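Asks: coords please:
(chains A and B)
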Amino acid sequence: MRLSQLFFATLRDDPSDAEMPSHRLLLRAGYLRQLGSGIYSLLPLGFRVSQRVEQVIREEMDRIGTQEMEMPVVHPAELWKESGRYFKIGPELVRFKDRGERDMVLAMTHEEVVASLLRDIVKSYRQLPMMVYHFQTKFRDEPRSRGGLIRVREFVMKDAYSCDRDDAGLDRSYRLQYAAYERIFKRLGLEAIAVGADVGIMGGSGAHEFMVINEFGEDTLVLCDACGFADNQQIAMVGKPDPEPEDALPMEDVETPDATTIEALATFLGVPRSRTAKAAFFVTGDGRFIVAIVRGDYDVNETKLVNTVKARGGLRPATVEEIKARGMEAGYGSPLGARDAVVVVDELVVRSPNLVAGANRVGWHVRNVNVPRDYTPDHVAEITNARAGDPCPNCGTPVTLRQGIEVGNIFKLGTDFANSIGAFYLGEDGERHPVVMGSYGIGLGRNVACIVEAHHDDKGIAWPDEVAPYAAHLVTISAAKDPRVAEIADRLHALAAEAGRDILYDDRDESPGVKFTDAELLGMPWIVTISPRSLAAGGAEITRRATGDRRSVPLETLEGWLREGFAIPSDGPQAGASL
RNA sequence: CGGGGUGUGGCGUAGUUGGUAACGCACGUGCUUUGGGAGCACGAGAUCGUCGGUUCGAGUCCGACCACCCCGACCA
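Replies: Reported below is the predicted structural model:
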């Protein structure tokens, strides 16, 4: 591909609204353009990377016997009503009517379609197990997109679905996918770690998220360096040691003007935050009022809270009026005297004696509150976030917290979709059974961005060989001065094209500075320079983009590599080699 | 949806007390230049996010709206 013909433009200045390196570089190097919030066009270079990522995923899916197919982006809403997700999912599911006034949705994912296909096609246990996948556009009207390709509203995802006779079969499929994911991320040049994850709205019995560590990551990971324990903070259960035992003292009102936060309360009373109880108020999607009590030195974990109270439709913060209506006072709240509320208490609170809690009166708290002596919980469970330094549940070593980006996930769905959509098969036993499903997703664009996050320097991108849009970037210098330069470069370019592996060829009449700077920004793994100087030194100069290692190569040798698709031998340019 | 911010040519920006838009990069033409974002000359490109208001006159002042970005909420 001649750069003079390529549909792209490099930018000298950073676009002002790009913060992450991947976003900045993909924009500056001409891989990407934004159309709207969370909506992007992939320019030819970006599309080639995406296709190469896709091909890696395809090969690994095929390798474990997953069959490629394609399912639609627009679905009749009927199907989503059958699964119930039409009612459970909020505005991120785009709904509209077609010309016939029929309710339609834009696909966020494809479990319903797979289940409906199973309903039509799978009749017998002999047809199972079976796995399918496709690469397809998803649309999710995210409340807030961010970070370039990291969180978008429209994106292409590889989603795979396993279909098994029973849980044992699901476990087997899940392990196959897990292993395939490890191979995929390794080939993509990503150091992904699998963490235990919440099953969320997908339901089901287990899930892992594949995460790459990144300071811009939206998820918090709880990691143990000693034993390898890794969970998303949403579900990480860490032990909390027993507080010092004390005799329960009688409750005692204490005036606490303006102490509406734990911080202010602890300061005002001169006690550590661990001697206070924090109340948080929520309303579930099904209309129940929840008051959650955690110790003042911990934060409420909403995922755990949702799972504890089995909240359908999630949680939203309660309004001040709703809190008052239950006999409580925001800022001075506790279950003391509360009514019509589901009281959920963190298990550590039960073990912690004589805490300061809200009096449900403005300006007042109560000392020496003890559970269950002073109020009765409806649920006692761990509903707090793990903190850095808390003991690992496996080995007791203090855990660390890191931010991560989810590059892939795998879910054990179970039988919910099959049951609701009606995907049953006849077993060997002659009985009807629901198909047991699993769901496995990888977002292409997000992976492209994460590859750049992991493979760049201050000059630009440095693609791993496996995903580079072109294997090499051919640069000519002083072509106007020495006719041999263009002649040789043209020949090398043609040779690569004939060998079926196009290379990028900067045939523009630009100054050397522009050409080298662009080559480093664009990030092909090999930069090949043809110039009067390189010819005098014996042929071409080749530079490994990632390391900067550089050496002179005879033209015949280079031609040989190009015929092999620029398969440079592993003993290519060595560090320290010079012209 | 709450908080903060930004909208001026493709990108980055300037624009004073209100007087009809400027600079760098990129772009076109010509000449020179060619191993690290070249030089000179000429040139094209903006109804200043939109609508309304104040004013003789609005990029600038006022109001509403829209878009985008950041933090939070949210996130199969």
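Asks: residues contacting the residue nearest the centre of chain A?
Replies: Centroid-nearest residue in chain A: residue A:406, 2.0 Å away (criterion: C-alpha atoms, centre = their mean). Residues counted as contacts of residue A:406 (C-beta atoms under 8 Å, 6 or more residues apart in numbering) are A:209, A:210, A:211, A:218, A:219, A:446. Bear in mind the C-beta positions are built from the backbone N, C-alpha and C, glycine included.
Asks: And residue A:522, by the same measure?
Replies: A:10, A:29, A:30, A:45, A:460, A:461, A:473, A:504.
Asks: so for stretch A:457-471, what's the average pLDDT?
Replies: Mean pLDDT, computed over stretch A:457-471, is 95.
Asks: End to end on that stretch, go ahead and measure it.
Replies: Stretch A:457-471 has an end-to-end distance of 19 Å (C-alpha to C-alpha, to the nearest Å).
Asks: tell me which element the residue nearest to the centre of chain A is part of?
Replies: strand A:400-414 (DSSP states H and E).
Asks: Which members of the contacts of residue A:522 occur in helices, if any?
Replies: Judged by DSSP state H, the contacts of residue A:522 include residue A:45 as members of helices.
Asks: filter the contacts of residue A:522 by proximity to RNA strand B?
Replies: Residues of those in contact with RNA strand B (C-beta under 7 Å from any atom of the strand): residue A:10.
Asks: Now the buried members of the contacts of residue A:522.
Replies: A:29, A:30, A:45, A:460, A:461, A:473, A:504 (16 or more other C-beta atoms under 10 Å).
Asks: Let me know the closest of those to RNA strand B.
Replies: residue A:460 (8.0 Å; C-beta to the nearest atom of the strand).
Asks: Quickly find the element holding the closest residue to the closest one other than its chain neighbours.
Replies: Excluding the flanking residues, the one nearest residue A:460 by C-beta to C-beta, 6 or more residues apart in numbering is residue A:521, at 3.5 Å. Under the criterion of DSSP H and E, residue A:521 resides in helix A:512-522.
Asks: hmm, who's touching the worst-scoring helix or strand of chain A on mean pLDDT?
Replies: Lowest by mean pLDDT, DSSP states H and E among the helices and strands of chain A is strand A:315-317, with a mean of 83. Outside strand A:315-317, the residues that touch it by C-beta under 8 Å, 6+ apart are A:281, A:282, A:283, A:284, A:285, A:290, A:302, A:305, A:306.
Asks: tell me which element the first one is part of?
Replies: Yep, that's residue A:281 we're talking about. Counting by DSSP H and E, residue A:281 is part of strand A:277-284.
Asks: How about that strand and RNA strand B, any contact?
Replies: No: if you take C-beta under 7 Å from any atom of the strand as the test, strand A:277-284 misses RNA strand B, and the best it gets is 8.4 Å.
Asks: what's the distance between that strand and the middle of its chain?
Replies: 28 Å (C-alpha atoms, centre = their mean, to the nearest Å).
Asks: for the record, mean pLDDT for it?
Replies: For strand A:277-284, the mean confidence score works out to 90.
Asks: before we move on, what about stretch A:392-405?
Replies: For stretch A:392-405, the per-residue pLDDT averages 93.
Asks: Low-confidence regions, chain A specifically.
Replies: A:200-203, A:569-579 (pLDDT under 70).
Asks: Which part of it gets nearest to RNA strand B, residue-wise?
Replies: Counting by C-beta to the nearest atom of the strand, chain A gets nearest RNA strand B through residue A:513, at 2.5 Å.
Asks: That residue - how many residues pack around it?
Replies: As a burial measure, residue A:513 scores 8 neighbours (other C-beta atoms under 10 Å).
Asks: Give me the contact list for stretch A:531-542.
Replies: Contacts of stretch A:531-542 (C-beta under 8 Å, 6+ apart): A:476-478, A:481-482, A:484-485, A:488, A:492, A:512, A:526-530, A:550-558, A:568, A:572-573, A:579.
Asks: which of these count as buried?
Replies: By 16+ other C-beta under 10 Å, the contacts of stretch A:531-542 give A:476-477, A:482, A:485, A:488, A:492, A:526-530, A:550-553, A:555, A:558, A:568, A:573 as buried.
Asks: List the ones among those that fall in strands.
Replies: A:476, A:526, A:527, A:528, A:529, A:530, A:550, A:551, A:552, A:553 (DSSP state E).
Asks: what separates stretch A:292-301 from the chain centre, distance-wise?
Replies: Distance, centroid of stretch A:292-301 to centroid of chain: 26 Å (C-alpha atoms, centre = their mean).
Asks: Kindly report the same for stretch A:81-99.
Replies: 23 Å.
Asks: For residue A:95, which non-adjacent residue is spatially closest?
Replies: Here the residue nearest residue A:95, using C-beta to C-beta, 6+ apart, is residue A:105, at 5.4 Å.
Asks: Would you agree that neighbour falls within a strand?
Replies: Yes: Residue A:105: assigned to a strand according to DSSP: H, G, I helix; E, B strand; the rest coil.
Asks: what are the bridge partners for it, then?
Replies: Per DSSP bridges, the residues bridged to residue A:105 are residue A:75, residue A:95.
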